[in-house]
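Chemist: Output the structure for:
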Amino acid sequence: MVAEEPAAKEERGGPLRLGDPSSAVRLADAPVDDVARLQTGIGEFDRVLGGGLVEGGVVLLGGEPGAGKSTLVLQAADRLSRAGHVVVYVSAEESAHQVRLRANRLGISGDGVLLVTDNGLPGAFARARTTGAACVVIDSIQAVTCPDVDAAPGSILQARECTALAVAVAKSTGIAVLITGHVTKEGNLAGPKTLEHMVDTVLYFEGEYRHAYRVVRATKNRFGSTDEIGVFEMRDGGLEEVANPSALCLSDRKEPLAGCAVVAGIQGSRPLLVEVQALVASSQYGAPRRVVSGVEAQRLALALAVLERRTGLGVSANDVFVSAAGGMRLSEPAADLGISVAVASATTGKIVPLGWCMIGEVALTGEVRPVAHLRQRVAEAARMGFTRVMVPAHNLGAHGLRDEGSIEVVPVETIARAMALCLREGNGGAVAPPLAGSATGAVNP
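Modeler: Presented below is the predicted three-dimensional model:
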């Protein structure tokens, strides 16, 4: 192949122009400024954002239809306007009349919120510049357009170009941009994956519209942690913060039931108690089913294998259903002990007495391994009125934990020992009989 002549290159695209070498600076000499944030006044929302909206930052909020995306961003716009900030609200899917009806239902006056119902995004940003807006809300990115782009609203090209325009304006003017987006049936944000790479923060609404509680979780955050969650309750007056999520995830029953155990988890910087419920039933098909809700399927498979091999508990031929109450999601290894105990309780028909809480990672050897943030977890269990907390024995030396006030700390070395200590024979009709073939006597240490 003959090399192309430089002249031909100049004719097609012009000569190659190198940037100014003086624009490069040493990392140690780069300016360091405190990140300026706009607090929305919604504590749970600000928590997930890392303290509030960042000036010049772009946030993408996704969720299923009816999850509450438009409600949340309208409430955030109202709180920002009450704090003295000008907010431009771009409603490309609803008319001004429809947005006003929602505002009336939410008790929002609308003073300080400039409503734009035209789906042309450049005009909305021009209005934001002339009014000195601190924040622009785009509801939603699939409905707005850039007139210079020859594509229909909602197309991949339009979504990408509109997001690129929002990022460019935010970085050049310092205006914070809050964008809502649709999700696919798989639960991912609709449009090209590059949208999530372009923005600074990606948030997801979790929870079905049929339920009252919603969880906002960050999957990407350049200015904060991705482990924080915000918990809300959908009411007639809009989304309200849940100040005590642990109480939401715990049952208020007075009698213990087989298949239930409480786990002390950590969501970002906040400890959270979640009840794990398990049901083990005889399989009616050739292949036993494993159904999970709020629990990772791989962690359940690991727990079942350890129970079968290290404690002799026969669960391989049965259907196993495990759920985390309250719509929460348990993905950390510290939930292993609670999941394993709940499955063992459902299989044997024995119960975990009320007042017990579980913390620990279960290794393939059956050993209960240490976890992080143990002191915060124990303190949360004590605050919620639990009397005993089961922890990895190896954690005690590192944290110096003993009985903490009204709660007794029970150290365990293996999953078999944990089952022998906390599983008790029940009484009355609250306990299911053990399944045929389950080796209930094999759990002794």
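Chemist: Can you list the residue ranges for helices in the stretch 201-350 of the chain?
Modeler: 245-248, 297-310, 336-348 (DSSP state H, counting those that start in this stretch).
Chemist: So what touches the longest one?
Modeler: What it means is helix 297-310. 290, 292, 313-316, 320, 322, 331, 333, 335-336, 339-340, 343-344, 362-366, 414-416 (Cβ atoms under 8 Å, 6 or more residues apart in numbering). All C-beta atoms are positioned from the backbone trio N, CA, C, and that covers glycine.
Chemist: Now the buried members of those.
Modeler: Those of the contacts of helix 297-310 that meet the buried threshold are 292, 313-315, 320, 322, 333, 335-336, 339-340, 343-344, 362-363, 366, 414-416, by 16 or more other Cβ atoms under 10 Å.
Chemist: Turn the helices of the stretch 201-350 of the chain into TSV, columns for mean pLDDT and distance to G224.
Modeler: Formatted as TSV, these follow (pLDDT from 0 to 100; distance: least, Cβ to Cβ, whole Å):
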stretch	mean pLDDT	distance to G224
helix 245-248	83	19
helix 297-310	94	26
helix 336-348	95	28
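Chemist: Of the ones you listed, which is nearest G84?
Modeler: G84 sits nearest to helix 245-248 of all these, at 30.8 Å, using Cβ to Cβ.
Chemist: helices and strands around that closest one, which ones?
Modeler: strand 229-235, strand 270-282 (3 or more Cβ pairs under 8 Å, 6 or more residues apart in numbering; DSSP states H and E).
Chemist: what do you get if the cut-off is 6 Å, keeping everything else the same?
Modeler: On a contact count with 3 or more Cβ pairs under 6 Å, 6 or more residues apart in numbering; DSSP states H and E, helix 245-248 meets strand 270-282.
Chemist: Got the phi and psi for V136?
Modeler: phi -120, psi 130 (degrees, to the nearest 10).
Chemist: Just confirm it contacts I179, I think it does.
Modeler: No - applying Cβ atoms under 6 Å as the test, V136 and I179 come out as separate, 8.9 Å apart.
Chemist: per the record, what domains does the chain have?
Modeler: The chain breaks down into these domains under automatic domain parsing: 36-243, 248-424+434-443.
Chemist: what pLDDT does the residue nearest the centre of the chain get?
Modeler: Nearest to the centroid of the C-alpha atoms of the chain, with distances taken as Cα atoms, centre = their mean, sits R217, at 2.8 Å. The per-residue pLDDT reported for R217 equals 89.
Chemist: list the contacts for it?
Modeler: Taking Cβ atoms under 6 Å, 6 or more residues apart in numbering, we find R217 in contact with Y204, E206, I229.
Chemist: Among the residues you listed, which one sits closest to A258?
Modeler: Among the contacts of R217, and counting by Cβ to Cβ, the member closest to A258 is E206, at 28.3 Å.
Chemist: And for the closest one, the neighbour number?
Modeler: 19 (other Cβ atoms under 10 Å).
Chemist: next one: C146
Modeler: 18.
Chemist: which SS class is the spatially closest residue to it that is not a sequence neighbour?
Modeler: Spatial nearest neighbour of C146, excluding adjacent residues (Cβ to Cβ, 6 or more residues apart in numbering): E161 at 4.9 Å. Using DSSP: H, G, I helix; E, B strand; the rest coil, the structure places E161 in helix.
Chemist: Can you verify R127 is assigned to a helix?
Modeler: Yes - with three-state DSSP as the criterion, R127 is part of a helix.
Chemist: got any ranges where the stretch 51-200 of the chain has weak pLDDT?
Modeler: Applying pLDDT under 70 to the stretch 51-200 of the chain flags residues 186-187, 190.
Chemist: re earlier: now do the residue nearest to C146 against A151, distance only.
Modeler: Using Cβ to Cβ, to the nearest Å, one obtains 8 Å as the distance from E161 to A151.
Chemist: These two: which has the busier surroundings?
Modeler: E161 (17 against 14).
Chemist: My guess is that one contacts D150. True?
Modeler: No - between E161 and D150 there is no contact under Cβ under 6 Å: 10.5 Å.
Chemist: Excluding chain neighbours, what is closest to M358?
Modeler: Here the residue nearest M358, using Cβ to Cβ, 6+ apart, is G338, at 3.7 Å.
Chemist: now the strands for the stretch 301-445 of the chain?
Modeler: Using DSSP state E, counting those that start in this stretch, the strands of the stretch 301-445 of the chain run over 318-324, 356-358, 361-362, 368-369, 388-392, 408-412.
Chemist: And L250, how far from C260?
Modeler: Applying Cβ to Cβ to L250 and C260 gives a distance of 10 Å.
Chemist: same deal with A346?
Modeler: 8 Å.
Chemist: V48 too?
Modeler: 29 Å.
Chemist: More neighbours: which of those two?
Modeler: V48 (27 against 21).
Chemist: pretty sure that one is in contact with A218, am I right?
Modeler: Yes - applying Cβ under 6 Å, one finds V48 in contact with A218, separated by 5.2 Å.
Chemist: Name the residues that touch stretch 382-396?
Modeler: 246, 273, 355-360, 368-370, 374, 378, 381, 404-413, 418.
Chemist: Buried subset of those residues as a PyMOL selection?
Modeler: With 16+ other Cβ under 10 Å as the criterion, this PyMOL line picks the buried residues out of these:
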select buried, resi 246+273+356+357+358+359+360+368+369+370+374+378+381+407+408+409+410+411+412+418
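Chemist: can you give me the strands in the stretch 51-200 of the chain?
Modeler: Going by DSSP E, counting those that start in this stretch, the stretch 51-200 of the chain shows strands at 53-54, 58-62, 87-91, 113-116, 135-139, 176-181.
Chemist: tell me what the second one is packed against?
Modeler: Where contact means 3+ Cβ pairs under 6 Å, 6+ apart, strand 58-62 is packed against helix 156-173, strand 176-181, strand 201-206.
Chemist: hmm, 10 Å instead?
Modeler: helix 43-49, helix 69-82, strand 135-139, helix 156-173, strand 176-181, helix 194-198, strand 201-206, strand 213-221 (3 or more Cβ pairs under 10 Å, 6 or more residues apart in numbering; DSSP states H and E).
Chemist: what do you get for the fourth one?
Modeler: If you count contacts as 3+ Cβ pairs under 10 Å, 6+ apart, strand 113-116 packs onto helix 69-82, strand 87-91, helix 96-106, helix 121-131, strand 135-139.
Chemist: I'd like the domains of the chain laid out as a markdown table, including distance to L27.
Modeler: Formatted as a markdown table, the domains of the chain follow (distance: least, Cβ to Cβ, whole Å):
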| stretch | distance to L27 |
| --- | --- |
| domain 36-243 | 17 |
| domain 248-424+434-443 | 28 |
